[in-house]
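Peer 1: here is my input; please provide its structure:
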Amino acid sequence: MLTPTNHTLEKLELLLKSAGYRVRYEKGNFKTNACLLQSSKMIVVNKFSNLESKIAAIADLARTLEIDYKLLDDKQAAFLHQIKQTQLQL
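Peer 2: Residues are numbered from 1 along each chain as shown. So this is what the prediction gives:
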């Protein structure tokens, strides 16, 4: 389980940035509080969502993305592994 803090959100953003994705916060009517624009490697998050929803939405997308571990440093790779393992335990 990821703790709902600004630090966790920043770690997720940095992980995705290192993997070549851009995270933007925009207003919108997203059912999952975020969406992925595949062709541009951009993740759009509803800026009006609460912190916990933002973290959950970005983590859910990070679980499904095919991220090359070679692009990440050791701490980011371990964090991504932790995120992916969280879903397996559910």
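Peer 1: how near is H81 to L37?
Peer 2: Counting by Cβ to Cβ, to the nearest Å, the separation of H81 from L37 is 25 Å. Where C-beta positions appear, they are placed from N, C-alpha and C, glycine not excepted.
Peer 1: just to be sure, E52 is in a strand?
Peer 2: No. E52: not assigned to a strand; according to DSSP: H, G, I helix; E, B strand; the rest coil it is helix.
Peer 1: which secondary structure elements does the helix or strand of the chain with the lowest mean pLDDT contact?
Peer 2: Every helix and strand in the chain was compared by mean pLDDT, DSSP states H and E; the lowest is strand 34-37, with a mean of 74. Identification of packing neighbours for strand 34-37 by 3 or more Cβ pairs under 8 Å, 6 or more residues apart in numbering; DSSP states H and E yields strand 42-46, helix 51-64.
Peer 1: and the host helix or strand of L80, what other elements does it pack with?
Peer 2: Per DSSP states H and E, L80 falls inside helix 74-89. Counting contacts by 3+ Cβ pairs under 8 Å, 6+ apart, helix 74-89 packs against helix 6-18, helix 51-64.
Peer 1: what helices or strands is the shortest one leaning on?
Peer 2: The one in question is helix 6-18. Using 3+ Cβ pairs under 8 Å, 6+ apart: helix 6-18 touches strand 22-26, helix 51-64, helix 74-89.
Peer 1: buried ones in that helix?
Peer 2: By neighbour count with 16 or more other Cβ atoms under 10 Å, helix 6-18 contains the buried residues 8-9, 11-16, 18.
Peer 1: ok, now the last one?
Peer 2: Along helix 51-64, these residues count as buried under the neighbour rule (16+ other Cβ under 10 Å): 53-59, 61-62.
Peer 1: wait, what's in contact with E66?
Peer 2: If a contact means Cβ atoms under 8 Å, 6 or more residues apart in numbering, then E66 has no contacts.
Peer 1: that one: what secondary structure?
Peer 2: Relying on three-state DSSP, one would call E66 coil.
Peer 1: contacting residues for the residue positioned nearest the centre of the chain?
Peer 2: The centre of the chain sits closest to I58, judged by Cα atoms, centre = their mean, with a distance of 3.0 Å. Contacts for I58 (Cβ under 8 Å, 6+ apart) come out as 9, 12-13, 16, 23, 34, 43, 45.
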